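> Coordinates only, no sequence provided:
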Ligand code: SF4
């Protein structure tokens, strides 16, 4: 049998707004996000790619619609090239099928042309006076323990671009937007220690919507202190030989949207002890009972005997597509299968959609934890 791949979890040299956002939920999640090998087991989101394309567009500052379209299309083409080589992400090969693609494209292009932002430097000078502004510059603070690339800053403001803002009626909208402000508090510290404190923080959406807040320096400093303390605590834990059980804080909010569910041992232990919690996108584990290879080379079905609550309705036939979920028709009967980010049918049984990932358990990687001992 082939050796299982390994994901090596090491201490991190510095934290960042992104790492801090993960760490606030779960230290194991943060630790995995620093491991390059883990990326291959994560299904990324086209929503994030739209944000990346919007950043690139705003940084390019196109003079007219034609140039803006060219910049946008080239950014999307670059993202597709990368995703086509990723075992899970290649399912998103058609941008026109990404949620809201054309609307975000149109609004992003309009925003990039209409925005009154001044041209800014895209490089940090090797020497000389501190920059008065910049876009996507790598800044560090707190003796190098905090780093990040604010989308844009100048003497007055620090700005974060988002492809969209959540619908305020959505139950998680407020916490999502609060996460953006948290990110901006850290960017304000990075800018503050590099170029002087900005007075204002802004979130600019592709729709043209702008949210603005005054920068509260004390609040920002406290956020940076907490982020650095979190980094130290994670590294100390790893130094003491902690593994997934000690680093993880599993829970419905923490794990619900976590990209690492499939490869996280703490998650599957928690699911078992919690009698398979009702996540918005359920996860399940079961034994492969039968395979129907299908007729068209794409659609096929597997039948599973699922553990716990999800198995109460008897054997589950699960329709899958090779182009989306990969090909499990070569798996041996009796293999343990993990399903993450599934959907629930009206009859309470699981189904797979474009966000669902299905893995034979013996092909998943092991986590290998660093210890200074
Ligand atoms: S699945 Fe849960 S326990 Fe595992 S890393 Fe993610 S948030 Fe932490």
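In hand now; what should we look at? What you are looking at is a predicted structure, and each value in this text was computed from that prediction instead of being measured.
> Contact residues of the stretch 251-373 of the chain facing the ligand?
Proximity of the stretch 251-373 of the chain to the ligand (CB under 6 Å from any ligand atom) is limited to residues 254-255, 258, 260-261, 264, 266-267. Where you see a C-beta, it was placed from the backbone N, CA and C, and this is true even at glycine.
> Format these as CSV; extra columns: neighbour count and pLDDT.
Below are those laid out as CSV (neighbours: other CB atoms under 10 Å; pLDDT from 0 to 100):
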residue, neighbour count, pLDDT
254, 19, 94
255, 24, 96
258, 23, 96
260, 24, 98
261, 24, 98
264, 25, 98
266, 22, 98
267, 24, 98
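> Can you tell me the SS state at residue 338?
Here residue 338 is recorded as strand under DSSP: H, G, I helix; E, B strand; the rest coil.
> Can you give me the neighbour number for it?
If you count neighbours by other CB atoms under 10 Å, residue 338 ends up with 20.
> what's the answer for residue 235, then?
18.
> And residue 325, by the same measure?
Residue 325 has 22 nearby residues by other CB under 10 Å.
> can you pull the contacts of it?
Counting by CB atoms under 8 Å, 6 or more residues apart in numbering, residue 325 makes contact with 91, 352, 356-358.
> secondary structure element for residue 99?
Using DSSP states H and E, residue 99 sits within no helix or strand.
> so residue 104 is in which element?
Judged by DSSP H and E, residue 104 forms part of helix 101-114.
> Of all the residues in that helix, which ones are buried?
Buried residues in helix 101-114, counted by 16 or more other CB atoms under 10 Å: 101, 104-105, 107-109, 111-112.
> the strands in the stretch 51-200 of the chain, which residues?
In the stretch 51-200 of the chain, the segments counted as strands under DSSP state E, counting those that start in this stretch are 139-141, 146-148, 152-153, 157-162, 200-205.
> tell me the most buried of those strands?
Highest mean neighbour count among the strands of the stretch 51-200 of the chain (mean count of other CB atoms under 10 Å): strand 152-153, with a mean of 26.
> circling back: mean confidence score for the helix holding residue 104?
Mean per-residue pLDDT for helix 101-114: 92.
> Stretch 56-67 too?
Mean predicted confidence for stretch 56-67 is 89.
> outside of that stretch, which residues touch it?
Identification of contacts with stretch 56-67 by CB under 8 Å, 6+ apart yields 68, 70-72, 75, 108-109, 111-113, 115, 117, 119, 122, 135-136, 151-152, 161, 204.
> got it, and stretch 291-302?
288, 290, 303, 317-323, 327-329, 331, 333, 337, 358.
> filter these to the buried ones?
Taking 16+ other CB under 10 Å as the criterion, what is buried in the contacts of stretch 291-302 is 288, 303, 318, 320-322, 328, 331, 337, 358.
> returning to what we had before: off-centre distance for the helix holding residue 104?
Averaging C-alpha positions (CA atoms, centre = their mean, to the nearest Å) puts helix 101-114 23 Å from its chain's average.
> contact partners of it?
46, 50, 53-54, 57-58, 60-65, 68-69, 71-72, 95-96, 163-164, 204-208.
> about what we covered before: let me have the residues of the stretch 251-373 of the chain next to the ligand in JSON lines, extended by distance to residue 39.
Below are these laid out as JSON lines (distance: CB to CB, whole Å):
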{"residue": "254", "distance to residue 39": "20"}
{"residue": "255", "distance to residue 39": "19"}
{"residue": "258", "distance to residue 39": "14"}
{"residue": "260", "distance to residue 39": "10"}
{"residue": "261", "distance to residue 39": "15"}
{"residue": "264", "distance to residue 39": "15"}
{"residue": "266", "distance to residue 39": "19"}
{"residue": "267", "distance to residue 39": "18"}
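> From the residues you listed, which land in helices?
254-255, 266-267 (DSSP state H).
> Now render those residues as JSON lines, adding distance to residue 12.
Supplementary listing: these in JSON lines, determined by distance: CB to CB, whole Å:
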{"residue": "254", "distance to residue 12": "19"}
{"residue": "255", "distance to residue 12": "21"}
{"residue": "266", "distance to residue 12": "19"}
{"residue": "267", "distance to residue 12": "21"}
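> Show me what the worst-scoring helix or strand of the chain on mean pLDDT is packed up against.
Least confident helix or strand, the chain: strand 152-153 with a mean of 89, by mean pLDDT, DSSP states H and E. Other helices and strands packing on strand 152-153, by 3 or more CB pairs under 8 Å, 6 or more residues apart in numbering; DSSP states H and E, are strand 157-162, helix 173-195.
> sorry, back to before: which one of the buried ones among the contacts of stretch 291-302 is nearest to the ligand?
The closest of the buried ones among the contacts of stretch 291-302 to the ligand turns out to be residue 358 (CB to the nearest ligand atom; 16.7 Å).
> name the element the closest one belongs to?
Here residue 358 is assigned to strand 357-360, by DSSP H and E.
> where does that strand sit relative to the chain's centre, distance-wise?
Its chain's C-alpha centre and that of strand 357-360 lie 19 Å apart, by CA atoms, centre = their mean.
> residues of the next helix or strand after it that come out buried?
Using DSSP H and E, the helix or strand that follows strand 357-360 in sequence is strand 366-369. Across strand 366-369, burial judged by 16+ other CB under 10 Å covers 367, 369.
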